[in-house]
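A.B. asks: Sharing a sequence plus its predicted fold:
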Amino acid sequence: MQNNNRKNIAKGSGEWAVEAKGVVKTFGENRAVDGVDLKVPTGSIYGVLGPNGAGKTTVIRMLATLLRPDAGSASIFGHDVVKEPHIVRQLIGVTGQYASVDESLSATENLIIFSRLLGLGKAEAKNKAAALLEEFSLTEAAKRPLKHFSGGMRRRLDLAASLISQPPLIFLDEPTTGLDPRTRNQMWDTIRRLVKSGSTVLLTTQYLQEADELADRVAVIDHGRVVAEGTVNELKASIGNSSLHLGVQHSRQMEEARRIIERVLNVRAAVSTEGGKITAPMADVDRMTDLLIALRESDIQLAELSVQKPSLDEVFLTITGQGAGTSEESNNKSEKAVEV
Ligand SMILES: Nc1ncnc2c1ncn2[C@@H]1O[C@H](COP(=O)(O)OP(=O)(O)O)[C@@H](O)[C@H]1O
Ligand SMILES: [Mg+2]
């Protein structure tokens with residue numbers, strides 16, 4: 001489809017690139033997605049943040065018309081994913097799909113074919129492929145067949161392919177999981193550039209830091225439900241700028257210590273499942289003095305104390321009162337099929 005035509009379909013359909021209401025997907029007994037609402041503003045980077053098995057990939061597969069929702073509705077630029085899948089597919093790009101291209105061909109050949117399929121002329125396709133390979137530091141590997149590419153190289157090539165077609169909405173399912181820091185930073189730059197040039201990006205991630213770096217808004221998802229939604233700053237404000245980790249010498253004093261923390265810091269503190277530590281969000285490090293005095297007054301002996309940046313697990317502790325339940329089932333085959 002011509003770019004202009006596609007932009008017109010995307011335009012005039014309001015401010016939402018994605019609008020999902022009460023979307024449900026059940027696998028047998030497992031309600032993998034349990035009534036998810038999402039609103040992704042056009043032109044933004046939206047992060048879906050959650051642990052392994054939370055339902056992130058399943059949500060994306062439904063939005064990308066690869067899986068039919070059991071209940072609820074979803075639309076992409078105003079087009080219903082179930083009733084108008086052919087239009088939706090012209091408006092989206094999903095990373096991972098590029099992997100289905102010929103393994104025996106080189107990266108250059110694949111990108112040229114891809115460009116030609118999208119209607120670019122011969123010379124234009126060649127230049128585009130060369131420029132993208134250069135940008136993604138794949139020039140050296142450009143002539144090698146895809147089957148010899150590492151996971152990180154494949155993912156970069158995958159994203160390079162999305163840059164050719166520039167779909168109005170791009171789904172990136174854990175685009176940086178397992179990448180080395182340098183490649184990950186490169187990925188972040190590219191994602192930002194995609195949005196600057198007019199695309200909307202919906203990405204999933206397990207990393208709070210990644211959402212922090214990239215996303216304008218975030219939905220935190222756990223056990224198939226959205227447990228928090230807002231800007232990253234709102235999310236951070238609700239969990240505190242830093243998090244307190246505290247261990248006591250005598251486990252019988254754990255509960256009392258937890259209550260003191262809650263009273264002095266005026267927050268919800270939780271006892272972590274492993275290691276028997278107490279964690280609590282901390283907005284103001286200066287309150288530490290008051291806390292230590294209160295603990296001493298109650299004769300509570302500390303075994304361990306640290307103040308750290310909040311992790312995703314702490315976000316979940318704070319929001320749901322439980323840690324992020326990382327289930328082993330999450331390494332399912334369907335997920336691997338979508339990811340590269
Ligand atoms: N095709 C499938 N068949 C059966 N269960 C599935 C399938 N896809 C996902 N699941 C299950 O649904 C839940 C959510 O999975 P998924 O969406 O892949 O989570 P995430 O991407 O957040 O790790 C998990 O419990 C997973 O095992
Ligand atoms: Mg997944």
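C.D. replies: Arrived safely. Ligands and ions are numbered 1, 2, ... in the order given.
A.B. asks: So in that sheet, which strands flank the strand or helix carrying Lys39, and in what orientation?
C.D. replies: Using DSSP states H and E, Lys39 sits within strand 30-41. When pairs are called by DSSP bridges, strand 30-41 turns out to pair with strand 16-27 (antiparallel).
A.B. asks: If you count neighbours, what's buried in the partner strand?
C.D. replies: Going by neighbour count (16 or more other C-beta atoms under 10 Å), the buried part of strand 16-27 is 16-20, 23-25. For every residue, glycine as well, the C-beta is placed using N, CA and C.
A.B. asks: hang on, Gly93 is in a helix, isn't it?
C.D. replies: No - with the criterion set as DSSP: H, G, I helix; E, B strand; the rest coil, the secondary structure at Gly93 is strand rather than a helix.
A.B. asks: show me the contacts for it.
C.D. replies: Contacts for Gly93 (C-beta atoms under 8 Å, 6 or more residues apart in numbering) come out as 162, 165, 167, 169-171.
A.B. asks: got the residue ranges for the strands in the stretch 201-340 of the chain?
C.D. replies: Read by DSSP state E, counting those that start in this stretch, the stretch 201-340 of the chain holds these strands, from start to end of the chain: 217-222, 225-231, 242-248, 270-271, 278-282, 302-308.
A.B. asks: Among these, which comes closest to ligand 2?
C.D. replies: Relative to ligand 2, the nearest member of the strands of the stretch 201-340 of the chain by C-beta to the ion is strand 217-222, separated by 10.6 Å.
A.B. asks: touching ligand 1 at all, that closest one?
C.D. replies: No - Strand 217-222 is not in contact with ligand 1 by C-beta under 6 Å from any ligand atom; minimum separation 7.0 Å.
A.B. asks: Tell me which other helices or strands that strand touches.
C.D. replies: strand 30-41, strand 45-49, strand 225-231, helix 232-239, helix 312-320 (3 or more C-beta pairs under 8 Å, 6 or more residues apart in numbering; DSSP states H and E).
A.B. asks: could you redo the ones you listed as a markdown table and give each row mean pLDDT, distance to ligand 2 and mean neighbour count?
C.D. replies: Formatted as a markdown table, these follow (pLDDT from 0 to 100; distance: least, C-beta to the ion, whole Å; neighbours: other C-beta atoms under 10 Å):
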| stretch | mean pLDDT | distance to ligand 2 | mean neighbour count |
| --- | --- | --- | --- |
| strand 30-41 | 97 | 10 | 19 |
| strand 45-49 | 96 | 10 | 26 |
| strand 225-231 | 92 | 16 | 16 |
| helix 232-239 | 75 | 20 | 17 |
| helix 312-320 | 67 | 14 | 22 |
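A.B. asks: would you list the ones you listed in a markdown table and tack on distance to Ile293?
C.D. replies: Listed next are these as a markdown table, based on distance: least, C-beta to C-beta, whole Å:
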| stretch | distance to Ile293 |
| --- | --- |
| strand 30-41 | 44 |
| strand 45-49 | 36 |
| strand 225-231 | 33 |
| helix 232-239 | 25 |
| helix 312-320 | 24 |
